[in-house]
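Q: structure, please.
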Amino acid sequence: MTLRLTAAALLFSLLCAGSANAQEKVLRMFLSTSETGLDPAVASDNATLSLLENLFDPLLRYDYLARPAKLRPNTAAAMPEVSADGLTYTFRIRPGIHFTPDPAFKGAKREMTAQDYVYSIKRLRDPATRSPWAATFEGVAELRALDRHTLRIRLKAPDNNFLFYLAMPASSAVAREVIDAYPGQAGNHPVGTGPFMVGEWKRSDRIVLLANPDSTAVFHATPGDNPEDKAIAAALEGKRLPRVDRVEVRIAEEFQGRMLGFLNAEYDYLEQIPESMTDMVVSDGQLKPELAARGIVLSRFPVLQTYYMWMNMNDPVVGGYGKDKVALRRAISMAYNNAEDIALLKKGFAIKAESPLPPNVLGYDPHYRSPVPYDPALANALLDRYGYTRRDPDGFRRAPDGKPLTLTMHSEATVGGRLRDELWRKCLNAIGLRVVFKSDKKTEIIKASRLGTVQMFESNWIADFPDGDNFYQLLYGPNAGRANYARFNLPAYNQRYEQARLLSDGPARQKLYFEMNQLIHAYNPWVPLTQVLSGDLRHPWLKNYKRHPVEFTTWRYLDVDVAQRARSSRGAR
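A: Just a heads-up that it's a prediction; the model follows:
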């Protein structure tokens, strides 16, 4: 079913269609999975969040060019005033920001105010909303609009990451009139203040975003000391956003379809070349000459993502804090061949994970090295020492009590999942451990993980915000059953995590992170695997592109050289 959602969007779409010409700037994109309802309070999947951050406005956004990532005002006139005790934040909101027109406003032009943020954040915490972001904002003690454009937020306790939460799509302003006008259907009627608005929506197939004619967004950024940043800053500084007239987005769930679509110029860029498609475009680590001749650019980007294999600390086979179980998990960790993973599975587009933190996250220590090496011989010796000596007739080890020992690892029922299974089988068999694999959809595995019924699973975490806390909370005891799938619950770790949460990035917190890393490597609830270097492709007519480490999309900043696209497309045929 095709939905045209607002009278203004429909009119604007018709005007665009009627006046369309060769100079209209259209950004052509894809999302890798289908979107859900476009309601900031309830959406949590990446595809939907990618759309929401273009339709709705949080108080803050990330600086497009600053690295490491840094926040800057969005609808706020400036960064907030913060009280000396770190509990009270006062924002002044820019006047003259309006929601896109909707019948819910009864023909009036509706200005966005401080009260809209009070309503929107309270709505996140309302149990009736069932927001997956409710826990993120449970530390808010008071929300109050002091006047039309002044917002005060008081916290129960200091939280060094609180401003990051206010840059998430979830904390964007929605209008109460719209939520009330469409009970339970707000996700079908996205009405925001962002740089784009919805023009056409065919669910799970195609969505067209139109430049919001009332957008007040203006580009400001802090460029790095490199030619690429300086060129983008020179092209955009002080200019109104967005730079394109429309964004045409398709849902492309198949790897091959995405790659062929990009090569056929149906998409302007492709982020993260699928592992199974790498050989199609890359040879000896470089873009193939025939693609380089077309002006296509390959870049590598360190994603704020860590791949790891977790083990359930409550599981009778691999769990527990006794020496024999620690030895088993340590041996499993030492058996994993990171180099083979990077070379064969990641096609060279990854680095070895030394700790939970990937590069460019606040708290990352580039000098830290894991004390647990890849060393199958040492792993074998460790298992021998702690009683895993008896063997079955087929050569596999038994537990110290003489009972058969079989590891059960869940895996995704995909081609990539099967390849990872074979690497794990090879590594574990090399130290005498039998492993069987239980394949299922990832959503089902996550459900079972939360219930504690999964023994081992290879997973990954992408940062919600660029701070080490977002990764170390994955092993915090009270988070067991939520993000802490390993159910790791070690008092020494928990205490250091709680201390670190009260500190901003600096030497004192860095020392606690070092000690937490050492505890992780001592008890091995995780096997840190790799951190991805995304292989990204873009066509030469795409301008101002720079991948951001946190935000899902950069559509508002991008421009298209229409004439160059036309020339390149003719040359490719």
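Q: what residue of the chain is the furthest out?
A: Using Cα atoms, centre = their mean, the residue of the chain lying farthest from its centre is residue 393. It sits 46.4 Å away.
Q: helix or strand for that residue, which one?
A: Counting by DSSP states H and E, there is no helix or strand that carries residue 393.
Q: how close does it sit to residue 404?
A: 11 Å (Cβ to Cβ, to the nearest Å). Backbone N, C-alpha and C define where each C-beta goes, glycine included.
Q: from residue 30, how far off is the residue farthest from the centre of the chain?
A: If you go by Cβ to Cβ, the gap between residue 393 and residue 30 works out to 52 Å.
Q: the stretch 351-500 of the chain: strands as residue ranges?
A: Ranges of strands within the stretch 351-500 of the chain are 406-412, 434-440, 456-462, based on DSSP state E, counting those that start in this stretch.
Q: between those strands, which one is nearest to residue 357?
A: strand 456-462 (10.5 Å; Cβ to Cβ).
Q: any idea how far residue 23 lies from residue 149?
A: Using Cβ to Cβ, residue 23 is found at 38 Å from residue 149.
Q: now do the helices in the stretch 351-500 of the chain.
A: Along the stretch 351-500 of the chain, counting by DSSP state H, counting those that start in this stretch, helices occupy 376-385, 415-429, 442-451, 469-472, 491-501.
Q: just name the most buried of those helices.
A: When the helices of the stretch 351-500 of the chain are scored by mean count of other Cβ atoms under 10 Å, the highest mean neighbour count falls to helix 469-472 (a mean of 23).
Q: contacting residues around that one?
A: Helix 469-472 has contacts (Cβ atoms under 8 Å, 6 or more residues apart in numbering) with 160-161, 306, 356-357, 361, 363, 461, 463-464, 497, 500-501, 513, 516.
Q: cool, and stretch 483-503?
A: By Cβ under 8 Å, 6+ apart, stretch 483-503 touches 158-160, 310-314, 319, 321, 449-450, 452, 454, 457, 459, 468-469, 472-478, 480-481, 509, 512-513, 515-516, 519-520, 523, 525-526.
Q: now these: which count as buried?
A: 159-160, 310-313, 319, 449, 452, 454, 457, 459, 468-469, 472-476, 480, 509, 512-513, 515-516, 519-520, 523, 525-526 (16 or more other Cβ atoms under 10 Å).
Q: ok so, going back, more crowded one of residue 23 and residue 149?
A: Applying other Cβ atoms under 10 Å to residue 23 and residue 149 shows that residue 149 carries more neighbours, namely 21 against 8.
Q: give me every residue that touches that one.
A: Taking Cβ under 8 Å, 6+ apart, we find residue 149 in contact with 92-95, 113-114.
Q: could you redo the last one with a cut-off of 6 Å?
A: Residue 149 is in contact with 93, 95, 114, counting by Cβ atoms under 6 Å, 6 or more residues apart in numbering.
Q: OK, contacts around the first one?
A: So the one you mean is residue 93. Residue 93 touches 75, 114, 149, counting by Cβ under 6 Å, 6+ apart.
Q: recalculate using a threshold of 7 Å.
A: Counting by Cβ atoms under 7 Å, 6 or more residues apart in numbering, residue 93 touches 75-77, 114, 149, 151.
Q: from the residues you listed, list the buried ones, please.
A: The neighbour count (16+ other Cβ under 10 Å) marks 75-76, 114, 149, 151 as buried among those.
Q: what about residue 111, how many neighbours?
A: Using other Cβ under 10 Å, the number of residues around residue 111 comes to 15.
Q: tell me the pLDDT of residue 482.
A: Reported pLDDT at residue 482 in the predicted model: 84.
Q: surely residue 198 is within a helix?
A: No: under DSSP: H, G, I helix; E, B strand; the rest coil, residue 198 falls outside any helix and is assigned strand.
Q: which strand residues bridge it?
A: Beta-bridge partners for residue 198, by DSSP bridges, are residue 209.
Q: wait, doesn't residue 409 sit right on residue 433?
A: No: in this structure residue 409 lies outside contact range of residue 433 using Cβ atoms under 7 Å: 10.7 Å.
Q: could you measure from the residue lying closest to residue 132 once chain neighbours are set aside over to residue 355?
A: With Cβ to Cβ, 6 or more residues apart in numbering as the criterion, residue 132 has its nearest non-adjacent residue at 4.5 Å, and that residue is residue 44. As for residue 44, its distance to residue 355 is 26 Å (criterion: Cβ to Cβ).
Q: who has more neighbours, the two?
A: With neighbours defined as other Cβ under 10 Å, residue 44 and residue 355 compare such that residue 355 has more, 25 against 12.
Q: what kind of secondary structure is the closest residue to the more buried one other than its chain neighbours in?
A: Nearest residue to residue 355, sequence neighbours excluded (Cβ to Cβ, 6+ apart): residue 517, at 4.7 Å. State at residue 517, reduced to three classes by three-state DSSP: helix.
Q: what's the local residue count around residue 517?
A: If you count neighbours by other Cβ under 10 Å, residue 517 ends up with 21.
Q: gap between residue 532 and residue 344?
A: Counting by Cβ to Cβ - residue 532 and residue 344 are separated by 15 Å.
Q: what's the answer for residue 141, then?
A: Residue 141 sits 52 Å away from residue 344, taking Cβ to Cβ as the criterion.
Q: number of nearby residues for the closest residue to residue 370 other than its chain neighbours?
A: Nearest residue to residue 370, sequence neighbours excluded (Cβ to Cβ, 6+ apart): residue 354, at 4.7 Å. A count of neighbours around residue 354, defined by other Cβ under 10 Å, yields 21.
Q: can you check residue 563 too?
A: 11.
Q: now swap in residue 413 and tell me
A: Burial of residue 413 is recorded as 14 neighbouring residues (other Cβ under 10 Å).
Q: show the contacting residues for the nearest residue to it once chain neighbours are set aside.
A: Counting by Cβ to Cβ, 6+ apart, residue 413 lies nearest to residue 439, which is 4.2 Å off, once chain neighbours are set aside. Contacts for residue 439 were tallied using Cβ under 7 Å, 6+ apart; they are 411-413, 417.
Q: out of the residues you listed, which is nearest to residue 198?
A: Closest to residue 198, out of all of the contacts of residue 439 and judged by Cβ to Cβ, is residue 412, at 32.2 Å.
Q: wait, what's in contact with residue 550?
A: 62, 69, 304, 463, 465-466.
Q: could you report the pLDDT at it?
A: pLDDT recorded at residue 550 is 93.
Q: SS state for it?
A: Residue 550 ends up coil, using three-state DSSP.
Q: residue 515 versus that one, what's the distance?
A: Remark: distance between residue 550 and residue 515 (Cβ to Cβ) = 27 Å.
Q: and residue 490, how many neighbours does it have?
A: Using other Cβ under 10 Å, residue 490 has 20 other residues around it.
Q: quick check on it: phi, psi?
A: Here is the backbone geometry of residue 490 (degrees, to the nearest 10): phi -110, psi 120.
Q: any idea how far it lies from residue 233?
A: Relative to residue 233, residue 490 is positioned 46 Å away (criterion: Cβ to Cβ).
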